[in-house]
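**Q** no sequence for this one, just the structure:
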């Protein structure tokens, strides 16, 4: 048995650290405590480049994102598996009591890391059919979903998801 700061705790702490540094005058902040909060751009003037691990092959990045002034969280059962196959992991569907299995991973950007994490976990459990409605409640939030078939889908301005 173990207790971690996974989920909302990581996002909350990343947000607080980034906000405190911003209040002290730092213009370029990359706070990563398992969830990421960015203030400004990279010190060399470009956006921060963030790699999203391929959930099927943790040795490589499946996608990269160029981001500024935003929070990022990724939810996926592969992050904390309870056994070798990864079928049993740390994200449970409260409707069934079983591990959520509607997708492989989801990355969400939102105004804060804490909000991004809440949205990512909610969508991971609820599934693609509820993703647009959940995101619509938080203006500016966007998502990249990796399906169980390893297809990458990105949220569009009209609320739909399309292949990337």
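**A** Sure, I can see it. Since this is a predicted model, take the numbers as computed values, not measurements.

**Q** Identify all contacting residues around the longest strand seen in the chain.
**A** For the chain, the longest strand by residue count, based on DSSP state E, is strand 57-67. Strand 57-67 is contacted from outside by 38, 46-55, 72, 78, 107, 109, 144, 146, 152, 164, using Cβ atoms under 8 Å, 6 or more residues apart in numbering. (C-beta placed from N, C-alpha, C; glycine too.)

**Q** Of the residues you listed, grab the buried ones for ChimeraX.
**A** Selection of buried members from the contacts of strand 57-67 for ChimeraX, criterion 16 or more other Cβ atoms under 10 Å:
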select :38,48,50,52,53,54,55,72,78,107,109,144,146,152
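
**Q** quick one: which of the contacts of strand 57-67 sit in strands?
**A** Using DSSP E, these in strands are 38, 48-54, 72, 107, 109, 144, 146, 152.

**Q** and of those residues, the nearest to residue 127?
**A** residue 146 (13.0 Å; Cβ to Cβ).

**Q** residue contacts, the closest one?
**A** Residue 146 makes contact with 55, 62, 76, 103, 104, 105, 106, 152, 153, according to Cβ under 8 Å, 6+ apart.

**Q** Quick check: the two most widely separated of the residues you listed?
**A** The most widely separated members of the contacts of residue 146, counting by Cβ to Cβ, are 76 and 153 (14.3 Å).

**Q** neighbour count winner among those two?
**A** Comparing residue 76 with residue 153 by other Cβ atoms under 10 Å, the one with more neighbours is residue 76, at 24 against 19.
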